[in-house]
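1. here is a sequence together with a model predicted from it:
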Amino acid sequence: MRPYKSTILAKFITAYLNDKRADVNMTKIQKLTYIVYGSFLAIHDERICDERPKAWPYGPVFPTTRNNLLRLDLNAISLSDSDVQEIASDRDVVSLMGIVYNTFGQWPASSLSEWSHKEGSPWERTVYSDGFKWGDVIGDDFIKSYFKKIIVPKNGN
């Protein structure tokens, strides 16, 4: 049931990438989780997971998810794993993941990081806000408005 645990969402994204035989590493997982988070927020006006992205020097990061996934062999995560089954059966999420994968799935982690730093991005707007400190939450208002411009028109909604 939504919102999902962020770690389970990231495991689903990892399993999806593994199923497509795409390159998998922690940075790529973090950036794709952020893109799925932002896209879902823009399309459905709700958070897809319980953790909000934070501004770190290399872009948006879900710290709890990162810390939990560091203990796992990312290449061994599969769509058949029991803990990703609920998300894997959520048609909205699977459909969105297909769009995200087709747009960003083959990008290397370094390009995804660079993309997340673009001028006007939620990360950039957060980092240059008054009183900013590394680790501050990137506001859903920044994320939603940004992703509405780049995802929703492509999705036709």
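-> Thanks, I have the structure now.
2. so where's the protein shaky on pLDDT?
-> For the chain, applying pLDDT under 70 flags the ranges 152-157.
3. centroid-nearest residue for it?
-> In the chain, the C-alpha nearest the mean C-alpha coordinate belongs to T33, at 1.6 Å (CA atoms, centre = their mean).
4. the helix or strand that one falls within: which residues count as buried?
-> In the assignment (DSSP states H and E), T33 maps to helix 26-44. Going by neighbour count (16 or more other CB atoms under 10 Å), the buried part of helix 26-44 is 26-43. (Glycine included, C-beta is placed from N, CA and C.)
5. which stretches in this protein count as strands?
-> Using DSSP state E, the strands of the chain run over 54-56, 59-61.
6. off-centre distance for the first one?
-> Computed by CA atoms, centre = their mean, to the nearest Å, the chain-centroid distance of strand 54-56 equals 13 Å.
7. ok, D23 touching S110?
-> No - applying CB atoms under 8 Å, one finds D23 not in contact with S110, separated by 11.2 Å.
8. residues touching stretch 127-141, excluding its own?
-> Contact with stretch 127-141 is made by 41, 47, 52-57, 60, 63, 122-123, 126, as judged by CB atoms under 8 Å, 6 or more residues apart in numbering.
9. of those residues, buried ones?
-> Neighbour counting by 16+ other CB under 10 Å classes L41, R47, P53, K54, A55, W56, P60, P122, W123, T126 among those as buried.
10. and of the residues you listed, the nearest to M97?
-> M97 has its nearest neighbour among these in L41, at 14.7 Å by CB to CB.
11. ok, now which ones touch that closest one?
-> Taking CB under 8 Å, 6+ apart, we find L41 in contact with R47, I48, D140, I143, K144, F147.
12. quick one on the thing from earlier: turn the contacts of stretch 127-141 into TSV, including distance to S82.
-> Output for those, formatted as TSV (distance: CB to CB, whole Å):
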residue	distance to S82
L41	27
R47	23
R52	26
P53	26
K54	29
A55	33
W56	31
P57	35
P60	28
P63	25
P122	33
W123	33
T126	36
